[in-house]
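**Student:** based on what follows, work out the 3D shape:
(one chain, ligands or ions: 1)
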Amino acid sequence: MIDWTSRYAERAHGVKASDIRELLKLTMRPEVISFAGGLPHPKSFPIEDIFRISQSVLLNEGEQALQYGTTEGYIELRKFLAARERSVGVQVDEESILITSGSQQGLELVSKTFLDKGDTVLVEEPSYLGGLSAFRLFQASFETVPLEDDGPDLDVLRHLLDTLPTPPKFFYIIPTFQNPSGITYSLEKRKELAEIAREYDLLLVEDNPYAKLRFEGEDIASVKVFAPDHTIYLSSFSKILSPGFRLAWICAPKDVVRKLVIVKQATDLCSNSYVQLITYQLLRRGLIDRHIPWIATMYKEKRDIMLKALEEYFPPEVTWTHPEGGMFLWVTLPDYIDAKEMFSDAIKQNVAYVQGGAFFVNGGHNYMRLTFAYMDNDKIREGIRRLAAVVKDHLRD
Ligand SMILES: Cc1ncc(COP(=O)(O)O)c(C=O)c1O
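**Tutor:** Take a look at the predicted model:
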């Protein structure tokens, strides 16, 4: 038998199968009401529009659609995305835009390009699991900045920046409808964070796949608007069009984009040309913009059902966030409850969540992430009822 372990690269030794992927397999059983996965609701996919546009792309631009494209991405799509940035006050052209195969690839490319073994990355606590995995693969070490209701604790951030022996490579932030917490940074914190970035010459990696899914309150400018020279910005078509398309983009200073392009060449040469042409046509015709409010309305209804059920069934010892958009809410259990241990009881009752520890570098045992977006409305209330019964069983008298 070949001893594979001795042959793996050092960076691969550190990566382990995620608990979450294993747990998610259990949640796939049809009888389980799952608030676990971060999947968009399938009804959010504009299938008919995609059907029509994909046919017309094949008929009219088939040779280009089926050919390799440039690593940077389809020029018309990049121009369109750059114009969108200018409309919110970020003065960029297409040379600042790189198309990626999902934001997950964007995070991996940023890690590959910026991280050496042992480099410090600042992350929100909690933070997106896929981001942590990408940084871990490149052997980063983490320092965490706790999230408050209105964004990161900036005193902690300043303290870290003042005291760390070497400056962190970047601060990874998800300021709008954060995954996992649903929290959105206030405008004040965005501006202050941008000021800190300039003051300390701190690079921000702003990951923003959910902002368009706002169903309550006012839109808030992304942090990049206030610190464009210090921000690598990522956004994605996964939650507003289709995660199966694997299409996203990075907006960053041109020098960074040029470097990321070279790195991406070694990864996949280019993102899917056909999908880029289809997406550009959908955008150009306004079909995505017209569709997003429909998705947001659907998700608001689901969030409302979940919030109402939480109020009705959950005991007063438990609290949760009230997201104004996105797909997730975050539940805080009493400190003595371990959500990872409780999971097996939840699965016995055919209800699932993601235990909060998955989103922490250390700790986080007493939290749960609930996705309100994925389940059909009639299941949400019943799922929360079952989950409440499980939680109540774990309460101390
Ligand atoms: C915060 C965050 N970043 C990135 C991603 C990855 O998105 P994509 O499908 O564009 O790779 C996700 C997916 O859930 C996410 O929640």
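**Student:** all strands of the stretch 51-200 of the chain, in order?
**Tutor:** Assigned by DSSP state E, counting those that start in this stretch, the strands in the stretch 51-200 of the chain fall at 97-100, 120-125, 141-148, 151-152, 170-173.
**Student:** Gly182: which of those is closest?
**Tutor:** Of all those, the one in closest proximity to Gly182, counting by CB to CB, is strand 141-148 (10.4 Å). From N, CA and C alone the C-beta is placed, and that goes for glycine too.
**Student:** would you mark the buried spots in the closest one?
**Tutor:** 142-145, 147 (16 or more other CB atoms under 10 Å).
**Student:** list the contacts of whatever residue of the stretch 1-150 of the chain ends up closest to the ligand.
**Tutor:** Nearest residue of the stretch 1-150 of the chain to the ligand: Gly102, at 2.8 Å (CB to the nearest ligand atom). Neighbouring residues of Gly102 by CB atoms under 8 Å, 6 or more residues apart in numbering: 236, 238, 243, 246-248.
**Student:** could you redo those as CSV and give each row secondary structure?
**Tutor:** CSV is the format used below for the contacts of Gly102 (DSSP: H, G, I helix; E, B strand; the rest coil):
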residue, secondary structure
Ser236, strand
Ser238, coil
Pro243, helix
Arg246, coil
Leu247, coil
Ala248, strand
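**Student:** could I get those as JSON lines with neighbour count?
**Tutor:** Below are those laid out as JSON lines (neighbours: other CB atoms under 10 Å):
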{"residue": "Ser236", "neighbour count": "23"}
{"residue": "Ser238", "neighbour count": "21"}
{"residue": "Pro243", "neighbour count": "19"}
{"residue": "Arg246", "neighbour count": "19"}
{"residue": "Leu247", "neighbour count": "25"}
{"residue": "Ala248", "neighbour count": "24"}
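**Student:** just checking: which of the residues you listed also lie near the ligand?
**Tutor:** 236, 238, 243, 248 (CB under 6 Å from any ligand atom).
**Student:** farthest pair within those residues?
**Tutor:** Farthest pair in the ones next to the ligand among the contacts of Gly102, by CB to CB: Pro243 and Ala248, 9.8 Å.
**Student:** turn the strands of the stretch 51-200 of the chain into TSV, including mean pLDDT.
**Tutor:** As requested, the strands of the stretch 51-200 of the chain are exported to TSV (pLDDT from 0 to 100):
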stretch	mean pLDDT
strand 97-100	98
strand 120-125	98
strand 141-148	98
strand 151-152	98
strand 170-173	98
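**Student:** what comes up buried for the helix or strand containing Asp255?
**Tutor:** Assessed by DSSP states H and E, Asp255 sits inside helix 254-268. Neighbour counts over helix 254-268 (16+ other CB under 10 Å) mark 256-257, 259-261, 263-264, 267 as buried.
**Student:** what is the burial count for the nearest residue to Leu154 once chain neighbours are set aside?
**Tutor:** With sequence-adjacent residues excluded and distances taken as CB to CB, 6 or more residues apart in numbering, Leu154 is closest to Glu192, at 5.7 Å. Applying other CB atoms under 10 Å, we find 18 residues neighbouring Glu192.
**Student:** and Glu192, how close does it get to Pro126?
**Tutor:** Distance, Glu192 to Pro126, using CB to CB, to the nearest Å: 21 Å.
**Student:** check Asn272 too.
**Tutor:** Applying CB to CB to Asn272 and Pro126 gives a distance of 31 Å.
**Student:** ok, the two, which is more surrounded?
**Tutor:** Each of Asn272 and Pro126 has its neighbours counted (other CB under 10 Å); Pro126 has more, 27 against 18.
**Student:** what values do phi and psi take at the more buried one?
**Tutor:** Pro126 adopts backbone torsions of phi -80, psi 170, taken as degrees, to the nearest 10.
**Student:** fine by me, thanks again.
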